[in-house]
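*Asks:* Make a model of this:
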Amino acid sequence: MDFDNFTQTLAVNTVGPVRVAEAFAHHVAASNLKTMVATTSGMGSIGDNVSGGYLAYRTSKAALNMAVRTLAHDFSSRLVIAIVLNPGWVKTDMGGSGATRTPEDSVAAMRKVIDGLGPQDTGKFFNHSGDEFPW
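*Replies:* Residues are numbered from 1 along each chain as shown. Below you'll find the predicted structure:
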């Protein structure tokens, strides 16, 4: 186990987005959309983990999911909607050429999900299709 890599992965995938959320919470609360979206991964789903592996990455995304769900509660008095969104398996450096979605398709799908969000959605984990994803 490369614990330095594990620590770095948590810093980038969990702590970084929480820092951004905290830094911009006031601005988001003052905006028209009042929406925060963190990009997560299906690999951060505890309920959908049927293969193991990728311990640092999976853990960092599961922690991000919990952090955003917690922030959704913490920001609720400011009427901020906070969700995590799984972009799907995307053709990127990480996803590889075998992935099923292009970045353009993934972004278009995620934008559609974001456009349809309402206060009842805060704290939820969505797939790019708009379906709720298992925690």
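
*Asks:* shouldn't Val84 be in contact with Leu64?
*Replies:* Yes. Val84 is within contact range of Leu64, at 6.6 Å (criterion: Cβ atoms under 8 Å). No exception for glycine: its C-beta is placed from N, CA and C like everyone else's.

*Asks:* shared neighbours, the two?
*Replies:* Taking Cβ atoms under 8 Å, 6 or more residues apart in numbering as the contact rule, Val84 and Leu64 both touch 38, 40, 44.

*Asks:* Switch these over to a markdown table; also include distance to His128 and pLDDT.
*Replies:* Shown next, in a markdown table, are the shared contacts of Val84 and Leu64 (distance: Cβ to Cβ, whole Å; pLDDT from 0 to 100):
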| residue | distance to His128 | pLDDT |
| --- | --- | --- |
| Ala38 | 14 | 98 |
| Thr40 | 11 | 98 |
| Gly44 | 14 | 96 |
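
*Asks:* Output these as TSV; include the columns distance to Leu79 and neighbour count.
*Replies:* Shown next, in TSV, are those (distance: Cβ to Cβ, whole Å; neighbours: other Cβ atoms under 10 Å):
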residue	distance to Leu79	neighbour count
Ala38	18	22
Thr40	22	25
Gly44	26	26
